[in-house]
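J.: coords below, sequence missing:
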Ligand code: ADP
Ligand code: MG
């Protein structure tokens, strides 16, 4: 895919108002460029602003300061060019699997047969062809999350945004989906921003890992403390010394003593 799907966060800040009227600076000084086709994972303790960052790129929230753009075009709201996958699948229970996957194209005017063809194609990508006519409630959590991934792929997104998408899955299913996501990324060359609590998952999946620290509980705005490249050639072996060295480097940054301002 040759389109430009570079993501840029420039001088981004996000303020929220707390229920008692105080201002909470959830994010500050975020500068980050993600190359077109790159896979970037974001890790950090709860409350450091990971989801806020993703939601601003998704267009669900507005930045208080700074700008976010995709392919040079400023983000002004949600759009099918940015496909979002959350932990809780978010499928429509009253639609079949194929109807869920074809939903986006249908909404944008695709004929029923064309939407069905897209659904078939992307259900094949996630290995669920046989389940096209089932309902989400008849599938396991891992299978539902595959449907959710197929559903965003059917919109041909430039950027895939994933917020702890495998957080609710058992360990075995989770590692299967990680392997699949790496394959899907290789095949589609979509730019990915992937938020996770798991440092191992981040190192397994990403080209670079963004480490965030701070957050309201620390008295410092959430911010990027380091971006760690994952220079591992070939298949990633979670038991290898190189893999674990990168994991340890990131863990030290995530758990670093609170910075002073
Ligand atoms: P993470 O995903 O890293 O756990 P979040 O981005 O969800 O962190 O939250 C970052 C900070 O912003 C937290 O202190 C959180 O309480 C605050 N926050 C998030 N959303 C809102 C909101 N809608 N209103 C007020 N505060 C919010
Ligand atoms: Mg979050």
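T.: On my side now, so go ahead. Quick caveat, the model's predicted, so the values are computed rather than measured. Ligands and ions are numbered 1, 2, ... in the order given.
J.: Check which helices and strands the helix or strand hosting residue 68 is in contact with.
T.: Element membership of residue 68 [criterion: DSSP states H and E] is strand 65-70. Where contact means 3 or more Cβ pairs under 8 Å, 6 or more residues apart in numbering; DSSP states H and E, strand 65-70 is packed against strand 7-17, helix 50-58. From N, CA and C alone the C-beta is placed, and that goes for glycine too.
J.: Strand partners (parallel or antiparallel) of the first one?
T.: Strand pairing for strand 7-17, determined by DSSP bridges: strand 23-34 (antiparallel), strand 65-70 (antiparallel).
J.: For those strands, could you give me CSV that also reports mean pLDDT and distance to ligand 2?
T.: Below are these laid out as CSV (pLDDT from 0 to 100; distance: least, Cβ to the ion, whole Å):
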stretch, mean pLDDT, distance to ligand 2
strand 23-34, 95, 11
strand 65-70, 97, 17
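J.: of these, which approaches ligand 1 most closely?
T.: strand 23-34 (3.4 Å; Cβ to the nearest ligand atom).
J.: what inclination does the closest one have with respect to helix 50-58?
T.: Compare the direction of strand 23-34 with that of helix 50-58 by axes from the mean of the first three to the mean of the last three Cα atoms, to 10 degrees and you get 60 degrees.
J.: the inter-axis angle of the helix or strand following strand 23-34 versus strand 7-17?
T.: Remark: after strand 23-34, the chain's next helix or strand is strand 39-43, criterion DSSP H and E. Angle, strand 39-43 to strand 7-17, by the same axes, to 10 degrees: 30 degrees.
J.: could you dump the strands paired with strand 7-17 to JSON lines with mean neighbour count?
T.: Listed next are these as JSON lines, based on neighbours: other Cβ atoms under 10 Å:
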{"stretch": "strand 23-34", "mean neighbour count": "18"}
{"stretch": "strand 65-70", "mean neighbour count": "17"}
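J.: Give me the mean pLDDT for stretch 112-131.
T.: The average pLDDT within stretch 112-131 is 96.
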